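Novice: Sequence and predicted structure, then a few things I'm wondering about:
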Amino acid sequence: MIPKRRMGNPISQGGAYTLVFLREASSFFIAVWLVLFLALLHTLSYKPEHFDWYVKNVLGHPVVLGFTALALAFSLYHTITWFHLTPRAAPPWAPGVWNGDQKTPDAALIAPNYVAFLAVSALIVAVALGKVAT
Amino acid sequence: MSEHGPNTNEPFWWLLFSAGGVVSAMIVPAMMIATVMMGARGWVSHEAGVSPEHYALTYFHFKALLANPICKLIMFVMFALPMFHCMHRVRHTLEETPLGAWHTLITGSCYLFAIVACTFCAIALMHIK
C-alpha cells in the first residue's frame, strides 16, 4: 500500500511514488472491467440476441474497447509488480528458495511465474475463442 | 483486546487480497484479451454488415462451457477473488487521501460493493443452464 507519510497529491511527488500510485490505481480499472464482464455473464441467461447485442454494442464500442485496452495495460502492470514481489514474499522454507547455503537468485524465482502466466493465458484465450473442445 | 492482540477481521480481507492478487496477475489479462478480441470482432463484423447469427456460436460455446458446475465454480473464483483484491486496494488508496477521514464509510462501501458484485456473479452463473 502507499506509505503513510506521503500524503497530498501523489502524482506531483513523482518517481517511484507515482509508480506505486499507478499500481494502486490499476485496481480501479480492473474493477470496472470486472463489472463489464459480469454483465457479459448475465447476458448468457438470456437469448443469443441479448449476448450479441452486448458484445457488439457495448464490448465492441470503440470507447469500451479503448477502456479495455487501458485496463489491460494496468492489469499487465499489476502482473509484473506482483510477480516481482515473489523473492520477498516467498517464505524461506518454501522449496527452491534456498539451495543449500545459497539463496536462489531473484530472477530464478520470478521466471516460473511468467512461464505459468503465458501457459494459463494461452489456455484461457484458446477456450474463450473456441479453439479448445469443452 | 485478546491476549494475542486486538480482535480484528483484517487478516480475512488481507487473505482475500493476496489470493485475488495471484488470480488477477495470472488470469485477468487473458480474460481481457479474450473480451477485446470478441468485442473487436463484433465491431468489425458489424461495420461489415455480418448478421447476428454469426455470434451465436460464441454464445452457445460459452453457455455449454458454463453449464458445467466445475466451470461455474472456476468462473466464480476468477471473478470474486480479483474483485475483492481490487476493492481492498481501492479502500487503502482512498484512505491515503483526504477522504480517509471517512474510514468506516470507505471500508464498508468497498467491501459491500465486492460482496454485492460477487452475489450478482453467483446468481448470473446459477441462471446459466
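Specialist: That came through, no problem. Residues are numbered from 1 along each chain as shown, chains lettered A, B, ... in the order given.

Novice: Tell me which helix or strand comes right after the helix or strand bottoming out on mean pLDDT in chain A.
Specialist: Taking mean pLDDT, DSSP states H and E as the measure, chain A has strand A:98-99 as its least confident helix or strand, at a mean of 82. Sequence order places strand A:102-103 as the next helix or strand after strand A:98-99, per DSSP states H and E.

Novice: Please save the CA atoms from the next helix or strand after that next one in CSV.
Specialist: Next along the chain after strand A:102-103, taking DSSP H and E as the criterion, comes helix A:106-128. Presented in CSV, the C-alpha positions along helix A:106-128 are these (Å, rounded to 0.1, in the frame of the first residue of the first chain):
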residue,chain,number,x,y,z
ASP,A,106,15.6,-13.5,-7.7
ALA,A,107,15.3,-14.0,-11.4
ALA,A,108,15.1,-17.8,-11.0
LEU,A,109,12.2,-17.3,-8.5
ILE,A,110,10.4,-14.8,-10.7
ALA,A,111,10.8,-16.6,-14.1
PRO,A,112,8.4,-19.6,-13.4
ASN,A,113,5.6,-17.1,-12.7
TYR,A,114,5.9,-15.8,-16.3
VAL,A,115,6.0,-19.3,-17.7
ALA,A,116,2.8,-20.2,-15.8
PHE,A,117,1.3,-16.8,-16.9
LEU,A,118,1.9,-17.5,-20.6
ALA,A,119,0.6,-21.0,-20.3
VAL,A,120,-2.6,-20.0,-18.5
SER,A,121,-3.2,-17.1,-20.8
ALA,A,122,-2.8,-19.2,-23.9
LEU,A,123,-5.3,-21.7,-22.4
ILE,A,124,-7.9,-19.1,-21.5
VAL,A,125,-7.8,-17.3,-24.9
ALA,A,126,-8.0,-20.7,-26.7
VAL,A,127,-11.0,-21.8,-24.6
ALA,A,128,-12.7,-18.4,-24.9
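
Novice: wait, does helix A:106-128 contact chain B?
Specialist: Yes - against chain B, helix A:106-128 shows contacts by C-beta under 8 Å from any C-beta of the partner chain at A:113, A:116-117, A:120-122, A:124-125, A:127-128. Every residue, glycine included, has its C-beta placed from N, CA and C.

Novice: For chain B, give the helix that spans the most residues.
Specialist: helix B:10-47 (DSSP state H).
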